[in-house]
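A.B. asks: Got a predicted structure here, sequence first:
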Amino acid sequence: MELTIEQTRGMLAAMCDAIIANVDILTKADQAIGDGDHGVGMSRGFKAAKEAIEGAEPATVGDLFKAGGSAIMATSGGASGVIFGMFLKAPARTFTGDTLDAAGYATWLAAAAAQIQARGKAKPGDKTMVDAVVPAAEAAEEAVPKGLLAVAEAAAEGAHKGKDDTVDMIATFGKAKALGERAKGHPDPGAVSTTILLDTALAYLKTLG
Amino acid sequence: MELTIEQTRGMLAAMCDAIIANVDILTKADQAIGDGDHGVGMSRGFKAAKEAIEGAEPATVGDLFKAGGSAIMATSGGASGVIFGMFLKAPARTFTGDTLDAAGYATWLAAAAAQIQARGKAKPGDKTMVDAVVPAAEAAEEAVPKGLLAVAEAAAEGAHKGKDDTVDMIATFGKAKALGERAKGHPDPGAVSTTILLDTALAYLKTLG
Amino acid sequence: MAKVKKIINDTENIVSEVLDGYVAASMGKLARVSDRVLARTDIEPGKVGLVIGGGSGHEPVYTSYVGKGLADASVAGNIFAAPAPQFVTAAVELADKGKGVLLVYGNYAGDVLNFDLGAEDATDDTGVEVRTVLVADDCATPDLETRRGIGGGFYQVKIAGAACAEAASLEEAEAAVKKCQANLRTLGVAVSAGSLPETGEPTFTLGDDEIEIGLGAHGEVGVERSKLMPADVLTTKMIDHLVADLPYKKGDRVAMLVNNLGATTQMELMIVTRKAYQLLGDLGIEIARCDIGAYFCSQEMAGFSISLLKLDDQLEHLLNAPCESITFSQG
Amino acid sequence: MAKVKKIINDTENIVSEVLDGYVAASMGKLARVSDRVLARTDIEPGKVGLVIGGGSGHEPVYTSYVGKGLADASVAGNIFAAPAPQFVTAAVELADKGKGVLLVYGNYAGDVLNFDLGAEDATDDTGVEVRTVLVADDCATPDLETRRGIGGGFYQVKIAGAACAEAASLEEAEAAVKKCQANLRTLGVAVSAGSLPETGEPTFTLGDDEIEIGLGAHGEVGVERSKLMPADVLTTKMIDHLVADLPYKKGDRVAMLVNNLGATTQMELMIVTRKAYQLLGDLGIEIARCDIGAYFCSQEMAGFSISLLKLDDQLEHLLNAPCESITFSQG
Ligand SMILES: Nc1ncnc2c1ncn2[C@@H]1O[C@H](COP(=O)(O)OP(=O)(O)O)[C@@H](O)[C@H]1O
Ligand SMILES: Nc1ncnc2c1ncn2[C@@H]1O[C@H](COP(=O)(O)OP(=O)(O)O)[C@@H](O)[C@H]1O
Ligand SMILES: [Mg+2]
Ligand SMILES: [Mg+2]
Ligand SMILES: [Mg+2]
Ligand SMILES: [Mg+2]
């Protein structure tokens, strides 16, 4: 199974819709351990991304990732604007074809994990979305031989496991840092967003049968 | 019946105690149509008055009225500091003897009503304590032939009637003025204070039998 | 309803501790005298004196505006209560450097009673000549004579400060401040209440979605209670009311004060300022100077007021004259 | 819990309307460019550029401090959210008058990410040299590297403004601001929460009798939650913590900023100021300058912060140098 440009557009648009629909969950997650604006910022960015993705005239799959990622980076603001902008934009340069396959999906997450860590300096264990995207990328990589749907399934599972692991972490980064022990018991908001995005991508792929 | 200097001191001290004990009622009355500080201001002033009255070494009855009135004026602040300071201080110059009789009690209220109106420019009907002190003074004047207790009784009754009349008045003076029709339904806080003072004076006289 | 939390010590000492704070921060330029008077230590000999004051709880007004080019002394009452007369007497006597003393304070029954008595005593004691110009800028109520003194009081104190610093005589200073008073209008709006520290209770209550236009500086009820509305609609209502009241006319030059009553954010004030510029611009009224911030508060009340002062050359000169104080200085 | 009432129009337009308010009130000295950048219209040719910025909702910081002797441009993010990189790029390119541009903003992950990206793009586009000095004055947390930028940011911006106006080179300006940063400590206390206008909800909750010492400028949890205590006890705790952190020593000259986080009254600030003077006086630390008021807010949060800046001749000169802006000017 591999996605056409139009199917990739559909998958990315569905991911945007999911963030917009879950704004309250993200707000609450950030109120618990941050400054309460993660929902507002993400939905602002992904609304812009959706418009950009729907309006794009892509020659390559990469053009769609770039359009979405750039829109988020330009409108979201906050830490998550750059981080989730990069989450989409990271693989854009390497996606020069007109299809997205299992290897491509894994490449996307590997590029995202690498570039986000390089730019943001958070490492696994710091209680950020890195804790969701790194295991997602690793699981995806391993599943490549099993095809696109399996890759997406492994990625979503990896993200969930990573997100769950953040619950018991002390934040060493970002606005939850001052919380110390008090940050325990809550998942990282950006990790929650990552699971929503990868769950939605998986669900979209499933609708293609 | 006439009061000695020491009995006058007792009467004035009891009046101070009554104001201090009723601070919450006065606060609520001023919250309804003013700025909520009548209770705080009156109790501050009458606490000082009580000290001054108890500490005074009076040669005349007037010295006690002066000590109490001056203390209120110097510590209360607000409109009521001057007004209730004058309420006690007004007759001081004329009280050159060492007793307070029926005519004296009536003179006190007449002097207070006259001087408060001269200084404060509020007239009966303006929804101030003038609406309590003027009928109190008039009723006291009429009762002089019947003796001190009757004078005090008439004064307290007059003050109550006047205070009740303020309920339906629109304020044309002070902080309730802007209320217009909305001031209706609430008595004037200063009129409430006046009834407390004259009720207490009467009660004290009754204890003398 | 829980008590409003306040960073204070004993409520009895609030006012004296506040005055001591000003003295500490003044680097020797201010002193607390007669318990409730904050006064300059370096009043110029031969100047016309300026004494301001009123109930506390409105800081910066009036206490903060003592300094060179502003008031010579301020008399501080208890929270929301006019100061007792003997403090006024002390302030007037201290501010008298031979040319008499101007009193400027808000038009409230309690203040008038106490300041009048205190000033009479000063005149009896020392023969000092005293004149009074009340702050009465609140155009929420129709009757000119009995209007309350609110946010515009800052402009009136600023102009009085410059006038008393420059004027040859008490009459000359008084005339300038009277002109300011005649040209000055303010309208306020309250969004939520401030509280009295002595009781910890809000001084009034508004519904969850209500605001009150024209509400007084102590929480006295205003002229119109309505639902929360967009900033632009509210600003338009307020500017319409203000402009019609004087009235301000096409070609007028004005100073505009957008005053924070306490807890309103500067974000909100800037949105209002933006709209006020548009509206006055459309009417051909020129804003020659604009001041935005907390100049006259009502404890932690949320809300703001807009003041307009019609300028002529003299008033503009006096408004822009240099001054120094803890909260307001200009070069 | 009812939504906090705000005088705004559409929440989507808050930031641009606020910037338009500053432009209107600036009498032509400021312009809004690239949507989210407020910039001087008369930047002196050949000066070292200064760009500041961060999430909105902290006004006056940072947006208000654009003007002669202060920043050349400020980049405004959404409420409590760092601005997107392209606005930073635009501001840097605009502020570059040939000597490079200094960036000064708070040490928050989101700000660092966006400012770095934006500055890199500007350098890629035009070759402009950019240096950054983060505001990281909050000594609530122990680790120096990762400290947050709070109230003392006002002093750092003031000093950066003067340094960039006077310095011969970017390096020289950077060195002065680094020294300021190294000498600056702030500790805050929150009494009640501010709210996000987009949600109308408070950004955190405190009990009816609770305060939180060291709480962050966006409501991030602080270091110690305790019961409300007398002002003098609280001030003593805070001054002790501050003095020990640098440490400030006997004989040091400092500037002190007593900063209103939003809804705290000046009455309270003066009580705190009075106590801080006593305590520092007892320690032999001289307060050479004191600023009291709302310089760095967190929407309508109630609470305050105290900042101490250890001065030397250069820092004192830069702090006292003249500047002009909508909310802060000195002659
Ligand atoms: N350096 C970083 N690397 C990766 N993710 C980060 C980093 N900093 C923050 N994040 C993510 O961003 C989320 C917070 O986003 P948001 O609330 O929108 O931004 P802000 O922290 O500026 O308010 C965190 O939950 C975390 O997952
Ligand atoms: N001019 C006046 N003449 C007589 N009584 C007055 C006058 N002004 C105010 N009062 C009385 O003072 C009372 C208010 O007192 P208080 O609340 O202590 O002062 P303030 O109005 O300064 O807050 C009013 O209820 C009224 O009875
Ligand atoms: Mg956040
Ligand atoms: Mg009252
Ligand atoms: Mg009062
Ligand atoms: Mg944020």
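C.D. replies: That came through fine. Numbers count the residues shown, from 1 in each chain, chains lettered A, B, ... in the order given. Ligands and ions are numbered 1, 2, ... in the order given.
A.B. asks: C:Ala39: which element?
C.D. replies: Element membership for C:Ala39, per DSSP states H and E: strand C:37-40.
A.B. asks: That strand: how far from the chain's middle?
C.D. replies: 17 Å (CA atoms, centre = their mean, to the nearest Å).
A.B. asks: Strand partners (parallel or antiparallel) of that strand?
C.D. replies: strand C:30-33 (antiparallel), strand C:73-79 (antiparallel) (DSSP bridges).
A.B. asks: Next secondary structure after the longest one?
C.D. replies: Going back to what we said before, that points to strand C:73-79. Downstream of strand C:73-79, the first helix or strand assigned by DSSP H and E is helix C:85-95.
A.B. asks: Report the mean per-residue pLDDT for the helix or strand that that next one is followed by.
C.D. replies: Per DSSP H and E, the first helix or strand lying C-terminal to helix C:85-95 is strand C:101-106. For strand C:101-106, mean pLDDT is 98.
A.B. asks: So is the helix or strand of chain A with the lowest mean pLDDT next to ligand 6?
C.D. replies: Least confident helix or strand, chain A: helix A:23-33 with a mean of 91, by mean pLDDT, DSSP states H and E. No: counting by CB under 5 Å from the ion, ligand 6 has no neighbours in helix A:23-33; the shortest distance is 7.8 Å. From N, CA and C alone the C-beta is placed, and that goes for glycine too.
A.B. asks: Quick check: buried residues in that helix?
C.D. replies: Using 16 or more other CB atoms under 10 Å in any protein chain shown as the test for burial, helix A:23-33 gives A:23, A:25-33.
A.B. asks: Okay, now the unreliable bits of the chain?
C.D. replies: Because you didn't say which chain, this covers chain A. Counting by pLDDT under 70, chain A has low-confidence residues at A:173-180.
A.B. asks: I was after chain C.
C.D. replies: In chain C (pLDDT under 70), the answer is C:1, C:219-221.
A.B. asks: Show me which residues of it are close to ligand 5?
C.D. replies: C:80-81.
A.B. asks: State which one residue of chain C is found closest to ligand 6.
C.D. replies: When scored by CB to the ion, chain C has C:Met267 as its residue closest to ligand 6, at 15.6 Å.
A.B. asks: tell me what the host helix or strand of that residue is packed against?
C.D. replies: Assessed by DSSP H and E, C:Met267 sits inside helix C:266-282. The contact analysis (3 or more CB pairs under 8 Å, 6 or more residues apart in numbering or on different chains; DSSP states H and E) places helix C:266-282 against helix C:231-245, strand C:253-260, strand C:286-293, strand C:302-310, helix D:14-25.
A.B. asks: can I get these in JSON lines with distance to C:Gln86 and mean neighbour count?
C.D. replies: JSON lines is the format used below for those (distance: least, CB to CB, whole Å; neighbours: other CB atoms under 10 Å in any protein chain shown):
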{"stretch": "helix C:231-245", "distance to C:Gln86": "37", "mean neighbour count": "19"}
{"stretch": "strand C:253-260", "distance to C:Gln86": "31", "mean neighbour count": "24"}
{"stretch": "strand C:286-293", "distance to C:Gln86": "34", "mean neighbour count": "18"}
{"stretch": "strand C:302-310", "distance to C:Gln86": "32", "mean neighbour count": "27"}
{"stretch": "helix D:14-25", "distance to C:Gln86": "43", "mean neighbour count": "23"}
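A.B. asks: mind putting the ones you listed in a markdown table, distance to ligand 4 included?
C.D. replies: Shown next, in a markdown table, are the helices and strands packed on helix C:266-282 (distance: least, CB to the ion, whole Å):
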| stretch | distance to ligand 4 |
| --- | --- |
| helix C:231-245 | 27 |
| strand C:253-260 | 23 |
| strand C:286-293 | 28 |
| strand C:302-310 | 20 |
| helix D:14-25 | 36 |
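A.B. asks: Export those as TSV, with columns for distance to A:Met73.
C.D. replies: Putting those into TSV (distance: least, CB to CB, whole Å) gives the following:
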stretch	distance to A:Met73
helix C:231-245	30
strand C:253-260	36
strand C:286-293	34
strand C:302-310	36
helix D:14-25	17
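A.B. asks: Quick check: residues of the stretch 1-150 of chain C near chain B?
C.D. replies: Within the stretch 1-150 of chain C, the positions lying close to chain B (CB under 8 Å from any CB of the partner chain) are C:55, C:77-86, C:108-110, C:113-114, C:116-117, C:140-141, C:146, C:148.
A.B. asks: what sits against the closest residue to ligand 5 within chain A?
C.D. replies: Residue nearest to ligand 5 within chain A: A:Gly36 (39.1 Å; CB to the ion). A:Gly36 makes contact with A:27, A:30, D:80, D:196, D:199, D:201, D:203-204, D:218-219, according to CB atoms under 8 Å, 6 or more residues apart in numbering or on different chains.
A.B. asks: that older thread, switch the strands paired with strand C:37-40 over to a markdown table; also include mean neighbour count.
C.D. replies: What follows is the strands paired with strand C:37-40, written out as a markdown table (neighbours: other CB atoms under 10 Å in any protein chain shown):
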| stretch | mean neighbour count |
| --- | --- |
| strand C:30-33 | 18 |
| strand C:73-79 | 30 |
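A.B. asks: For ligand 2, find the nearest of these.
C.D. replies: Ranking the strands paired with strand C:37-40 by proximity to ligand 2 (CB to the nearest ligand atom) places strand C:73-79 first, at 8.7 Å.
A.B. asks: any idea of the angle that closest one forms with strand C:101-106?
C.D. replies: Here strand C:73-79 runs at an angle of 30 degrees relative to strand C:101-106 (axes from the mean of the first three to the mean of the last three CA atoms, to 10 degrees).
A.B. asks: If we ignore the residues flanking it in sequence, what's nearest the one residue in the stretch 201-331 of chain C that gets nearest to chain B?
C.D. replies: Closest residue of the stretch 201-331 of chain C to chain B, CB to the nearest CB: C:His218 (3.6 Å). Nearest non-adjacent residue to C:His218, counting by CB to CB, 6 or more residues apart in numbering or on different chains: B:Asp35, 3.6 Å away.
A.B. asks: Quick check: phi and psi at that neighbour.
C.D. replies: Backbone torsions for B:Asp35, taken as degrees, to the nearest 10, come to phi -110, psi 10.
A.B. asks: Check the gap between it and chain A for me.
C.D. replies: Applying CB to the nearest CB, to the nearest Å, the value for B:Asp35 to chain A is 36 Å.
A.B. asks: Hmm, that residue is touching C:Leu215, no?
C.D. replies: No: taking contacts as CB atoms under 8 Å, B:Asp35 lies outside contact range of C:Leu215: 11.2 Å.
A.B. asks: Who has more neighbours out of those two?
C.D. replies: Neighbours were counted for B:Asp35 and for C:Leu215 using other CB atoms under 10 Å in any protein chain shown; C:Leu215 has more, 31 against 28.
A.B. asks: Surely the more buried one is in a helix?
C.D. replies: No: using DSSP: H, G, I helix; E, B strand; the rest coil, the assignment for C:Leu215 is coil, not a helix.
A.B. asks: quick one: contacts for it?
C.D. replies: So C:Leu215 contacts C:140, C:188-190, C:204, C:221-222, C:303 (CB under 8 Å, 6+ apart).
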